[in-house]
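A.B. asks: Model the following, please.
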Amino acid sequence: MTTSPPRSHQATGGLPPLLPGPRRLLKHPRLMHYNRLAALVLLANAVFAWACWPLATPALGHAALANLALAVVVRQQYVINFLFRLATSAPTSWPLRVRWTLGKVYHFGGLHVGGALAGTAWFLTLTITTPSGPLMTVGWALIALLALVIATALPPFRSRHHDQFEKIHRFGGWAALALFWTHTLLSSPGPWEVGVLTVVTFSVALPWLRLRKVDVHLERPSSHVVLARFDHGETPFAGSSTAISRSPLKEWHSFANVPSPGEPGFRLTVSRAGDWTGSFIDDLPAKVWVKGITTAGVANIEVLFTKVVYVATGSGIGPCLPHLLAAQVPSRLVWATRDPRATYGDALVDEILAVQPHALVWDTSRHGKPDMVRLAHDAYREFGAEAVICISNKKLTWQVVHGLERRGIPAYGAIWDS
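C.D. replies: Numbers count the residues shown, from 1 in each chain. The predicted structure follows:
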């Protein structure tokens, strides 16, 4: 373990040059795969409309239903896990450029956005052409509700009022589904429409059918962190996440599962990052609500590469830890955090060092904040890695990911699309 600024941070020949203009442009955040997928869905709908216009009323309804079904189903946990399993089934013998792209599987939320926007547009067109009556009334009510859900999901509102966004998205989505059923039943539906809506409804309900209140054992090594231990009959796979809540209809928070190899149960690392986590750390509840299916996270793409570097800051060590413990892929850890032993406890730090004896643990209380892009690149080069996975706050994650990608290095990190 390195706890002081290494020479590599001071001078090692610098970062590699930027990619040529056109290739570097494709690495711009606005052109990330999330946005490309959303644009692809919209483009496919535009081509369909251009080729088939004018569309009959049933065709407009089918187009709206198909897109809104895509928006819902692609967020279903079993579907997410299937997409990860499919994308990560590629062997490491495949060309790096192909595996680099497959690693962007966690950008699937672009399909959700594209489907929601296209479905709303198709339903608006259908409602405009609907004669006056109960069907039109329900149609305009649904359009107004969908517009509210979309508007509050836009980044400016979502980032500033995330709790309100979550409630509007949840209750607004349920109400929209009820209105869609009402509209469909008023339209004398066929088996296709009923079948698709049934699948969508089951997809939405399934996580809530697994809602339960379970015991949790909490360890508080410092006022900044709680280690939550669960053992209620499930041992999730490494790299998955679990959503927990103290008020299941109000808000949910997802944390990376940390199962220990050969042991039942799992842990979550909860750091103080707002009112909810602060209250959780201070109150130390004996029980919490859990729901849904454990879901694959970004770091699961590690198996696409022969070696990876994990870059984490603070509690970002939580999502990295299960992969470090499982040691399925050779890895090297770079972790920048304030006074790691005082914050996270000797036991957790020793556990990390036992599986990562060559880790760079940068104590920011002693050495200040490092240049994480340079540290990531130095570890990537020295370890001979094929990719970098960064788990940090939004600003630093994007700095590392895009700072490396525009230099031709595969890099991955959360995109905060939920």
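
A.B. asks: So residue 311 belongs to a strand, correct?
C.D. replies: Yes - membership of residue 311 in a strand is supported by DSSP: H, G, I helix; E, B strand; the rest coil.

A.B. asks: which residues does it contact?
C.D. replies: 334, 335, 372, 375, 376, 379, 388, 389, 390, 391, 392, 400 (Cβ atoms under 8 Å, 6 or more residues apart in numbering). Placement of C-beta: from N, CA and C, glycine included.

A.B. asks: Try it again at 7 Å.
C.D. replies: Contact partners of residue 311, counting by Cβ atoms under 7 Å, 6 or more residues apart in numbering, are 334, 372, 376, 388, 390, 400.

A.B. asks: neighbour-wise, which of those leads?
C.D. replies: Most neighbours among these, by other Cβ atoms under 10 Å: residue 390, with 29 neighbours.

A.B. asks: Distance check, that residue against residue 414.
C.D. replies: Here residue 390 is placed at a distance of 8 Å from residue 414 (Cβ to Cβ, to the nearest Å).

A.B. asks: Now the common contact residues for the two.
C.D. replies: Common neighbours of residue 390 and residue 414 (Cβ under 7 Å, 6+ apart) are residue 397.

A.B. asks: Next, the buried residues of stretch 32-42.
C.D. replies: 32, 33, 34, 35, 37, 38, 41, 42 (16 or more other Cβ atoms under 10 Å).

A.B. asks: just the residues you listed now: which is nearest residue 270?
C.D. replies: Proximity to residue 270 was ranked across those by Cβ to Cβ; first place goes to residue 34, at 26.8 Å.

A.B. asks: The closest one belongs to a strand, doesn't it?
C.D. replies: No - under three-state DSSP, residue 34 sits outside any strand and is assigned helix.

A.B. asks: so residue 219 is in which element?
C.D. replies: strand 217-222 (DSSP states H and E).

A.B. asks: Give me the residues contacting that strand.
C.D. replies: With contacts defined as Cβ under 7 Å, 6+ apart, strand 217-222 is touched by 226, 227, 228, 229, 281, 284, 342, 343, 344, 345.

A.B. asks: That strand: partners in the sheet, and parallel or antiparallel?
C.D. replies: Here strand 217-222 is paired, per DSSP bridges, with strand 225-230 (antiparallel).

A.B. asks: mean confidence score for the next helix or strand after the partner strand?
C.D. replies: Next along the chain after strand 225-230, taking DSSP H and E as the criterion, comes strand 240-245. Averaging pLDDT along strand 240-245 yields 91.

A.B. asks: partners of strand 240-245, with directions?
C.D. replies: strand 253-256 (antiparallel), strand 287-296 (antiparallel).
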